[in-house]
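> Sharing a model prediction with you, sequence too.
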Amino acid sequence: MDGKLLARLGAVVFVAVAITATAIEMTRKEEDPAGQALQPVEVTPADPLRQAQRRCQLLGEAAARDTECLRTWAETRDRFLGATPAPASPQPQDGR
């Protein structure tokens, strides 16, 4: 056999296998697990931080000047990084 003929034959076989595998996959019906259909949907309480983030998102560019949005972003950043928020103002040290 010639090398070109062998390469073409290999390519035709490869394409035929790929088309067959695709046809089998497309006709396959997915089975739903029986356990998932019976589980109730878990309702999570509304997160006030999430609501504040949505409000700031709706403000768009004006949110960069909104003090409430700046506070919300700082709280979100602290929660994400696992950092404790810094105290609002340092307490004066009394020497007594």
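Nice, I can see it. Treat the numbers as computed from the prediction; the structure is a model and nothing was measured.

> When you work out contacts or count neighbours from here on, use the C-alpha atoms and nothing else.
Noted.

> If you tally nearby residues, what's the number for Leu49?
13 (other C-alpha atoms under 10 Å).

> can you list contacts of the helix or strand harbouring it?
Per DSSP states H and E, Leu49 falls inside helix 48-59. With C-alpha atoms under 8 Å, 6 or more residues apart in numbering as the test, helix 48-59 has contacts from 63, 69, 72-73, 76.

> residues of the following helix or strand past that helix that come out buried?
Next helix or strand after helix 48-59 toward the C-terminus (DSSP H and E): helix 67-81. Neighbour counts using 16 or more other C-alpha atoms under 10 Å place 69, 72-73, 75 of helix 67-81 among the buried residues.

> Output the helix holding Leu49 in CSV with nothing but the alpha carbons.
Provided in CSV are the C-alpha atoms of helix 48-59 (Å, rounded to 0.1, in the frame of the first residue of the first chain):
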residue,chain,number,x,y,z
PRO,A,48,-27.8,42.5,54.0
LEU,A,49,-24.3,42.8,52.7
ARG,A,50,-25.4,41.1,49.4
GLN,A,51,-28.4,43.5,49.2
ALA,A,52,-26.1,46.5,49.7
GLN,A,53,-23.7,45.2,47.0
ARG,A,54,-26.7,44.9,44.5
ARG,A,55,-27.7,48.5,45.4
CYS,A,56,-24.2,49.7,44.7
GLN,A,57,-24.1,47.8,41.4
LEU,A,58,-27.2,49.5,40.3
LEU,A,59,-25.7,52.9,41.1
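
> If anything else comes up later, I'll come back, but that's it for now.
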